[in-house]
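1. What would the 3D arrangement of this be:
(chains A and B)
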There are 2 protein chains.
Amino acid sequence: MRARYLLADYPTIAVDSPVIDAARMLAEQDLPGLIVVGDDGRPVTILPGTEVLRLAVPAYCQDDPALARVVDEAHADMFMGALDGRTVREALRARRRELPICGPDATALELAALMARTQCPLVAVVGDDRRLIGAVTLQALVDRLLVT
Amino acid sequence: MRARYLLADYPTIAVDSPVIDAARMLAEQDLPGLIVVGDDGRPVTILPGTEVLRLAVPAYCQDDPALARVVDEAHADMFMGALDGRTVREALRARRRELPICGPDATALELAALMARTQCPLVAVVGDDRRLIGAVTLQALVDRLLVT
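-> Residues are numbered from 1 along each chain as shown, chains lettered A, B, ... in the order given. Below you'll find the model as predicted:
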């Protein structure tokens, strides 16, 4: 089983979209993550749902549980509303990491290892020109593997 | 908004269950992850879907893309079937990491920061006795935050 037989169309979001739109897309379409594309339509990054959430969490309390705890309840409910047009590009972390991207010939084992390694339940499948062909979700992969 | 108002009942899996049962549970119930409980009913660990998948990927190709690539296609489809009764406990990695567990009074911001930090779209909510009360999923949290 190769990626080409497991992939499906998947919505994308532009890198200059507001973070709040990314969060809304994730919630409304019940997606495991987002594929962020540049002006040329090629994937810039692939974000698991937890990273989309991270874009919306104020930097000062991302890594320190104590700081998130001292924010009072009223304000803790409003942090997403306070994003104020901040774009995905602005919120992305500079840290480079391996992206869950593969070609159409990747095997089921490669897809599984890639999802596990990148901790992303979503792999973008691209052609030779790096343009998006579709995506394989963890659910689609596990569903397929269990009936093999 | 506190965790107690966002949580819902969530299925659990025993730490001595076969890994294949964990994968099946994830796929059939379309879950974002699994809460693994010990004999006393308390959470031993919480695994995002990608970590459940990792339990099933042979150790030799978890961290090396090249090794996953050389496994031939026929075998690459069968790796889950080859698990052969291996239990979740046996497959868990020794590495300790912060678990996505909180009390019922955690705020929405604490939940979001915890999901982002642990890269897990699922938080187990426990009482003072560390017994499971329920879970908050990323979808439930984002849904709630966007209507606030």
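2. drop to CA atoms for contacts and neighbour counts, all remaining ones
-> OK.
3. Surely A:Gly41 is in contact with A:Leu132?
-> Yes: using C-alpha atoms under 8 Å, A:Gly41 is in contact with A:Leu132, at 7.4 Å.
4. Tell me which of these two has more neighbours.
-> Set side by side, A:Gly41 and A:Leu132 show more neighbours around A:Leu132, with 21 against 14, by other C-alpha atoms under 10 Å in any protein chain shown.
5. Next up, the contacts around the more buried one.
-> Shown in contact with A:Leu132 (C-alpha atoms under 8 Å, 6 or more residues apart in numbering or on different chains): A:41-43, A:124-126.
6. again with A:Ile101
-> Contacts of A:Ile101 by C-alpha under 8 Å, 6+ apart are A:123-126.
7. likewise A:Gln119?
-> By C-alpha under 8 Å, 6+ apart, the neighbours of A:Gln119 are A:48, B:50-51, B:119.
8. Over to A:Ala124?
-> A:35, A:43, A:46, A:100-102, A:132-136.
9. Does the residue nearest to A:Asp143 when sequence neighbours are not counted belong to a helix, a strand or coil?
-> Distances taken as C-alpha to C-alpha, 6 or more residues apart in numbering or on different chains put B:Ala27 closest to A:Asp143, at 5.8 Å, once the chain neighbours are dropped. What DSSP: H, G, I helix; E, B strand; the rest coil gives for B:Ala27 is helix.
10. B:Ala27 contacts A:Arg144, doesn't it?
-> No: applying C-alpha under 8 Å, one finds B:Ala27 not in contact with A:Arg144, separated by 9.5 Å.
11. how distant is stretch A:65-74 from the center of its chain?
-> 26 Å (C-alpha atoms, centre = their mean, to the nearest Å).
12. and the nearest residue to A:Glu98 once chain neighbours are set aside, backbone torsions?
-> Nearest non-adjacent residue to A:Glu98, counting by C-alpha to C-alpha, 6+ apart: A:Thr118, 6.6 Å away. For A:Thr118, the backbone dihedrals are phi -90, psi 0 (criterion: degrees, to the nearest 10).
13. Report the central residue of chain A.
-> Compute the mean C-alpha point of chain A, and by C-alpha atoms, centre = their mean the closest residue is A:Leu47, 1.9 Å away.
14. For the helix or strand containing that residue, give me every contacting residue.
-> Taking DSSP states H and E as the criterion, A:Leu47 maps to strand A:43-48. Strand A:43-48 is contacted from outside by A:15, A:32-38, A:99-100, A:119-124, A:130-132, using C-alpha under 8 Å, 6+ apart.
15. tilt between the very next helix or strand once past it and strand A:43-48?
-> Using DSSP H and E, the helix or strand that follows strand A:43-48 in sequence is helix A:49-56. On the basis of axes from the mean of the first three to the mean of the last three C-alpha atoms, to 10 degrees, helix A:49-56 is oriented at 100 degrees to strand A:43-48.
16. Helix A:49-56 near chain B at all?
-> Yes: counting by C-alpha under 8 Å from any C-alpha of the partner chain, contacts between helix A:49-56 and chain B involve A:49-51, A:53-54.
17. That helix packs against which elements?
-> helix A:19-28, strand A:33-37, helix A:88-91, helix B:108-118, helix B:138-147 (3 or more C-alpha pairs under 8 Å, 6 or more residues apart in numbering or on different chains; DSSP states H and E).
18. can you rerun that using 6 Å?
-> Packing partners of helix A:49-56 (3 or more C-alpha pairs under 6 Å, 6 or more residues apart in numbering or on different chains; DSSP states H and E): helix B:108-118.
19. name the element A:Asp63 belongs to?
-> Here A:Asp63 is assigned to no helix or strand, by DSSP H and E.
20. Not counting sequence-adjacent ones, nearest residue to it?
-> Closest to A:Asp63 by C-alpha to C-alpha, 6+ apart is B:Arg117, at 6.3 Å.
21. now A:Met80
-> Nearest to A:Met80 is A:Ala56, by C-alpha to C-alpha, 6+ apart, at 5.9 Å.
22. still on that earlier bit, can you give me the neighbour number for the residue nearest to A:Glu98?
-> 20.
23. ok, and for the lowest-mean-pLDDT helix or strand in chain A, which residues are buried?
-> Every helix and strand of chain A was ranked by mean pLDDT, DSSP states H and E. The lowest is helix A:73-76, at a mean of 72. By neighbour count on 16 or more other C-alpha atoms under 10 Å in any protein chain shown, the buried set for helix A:73-76 is A:73, A:76.
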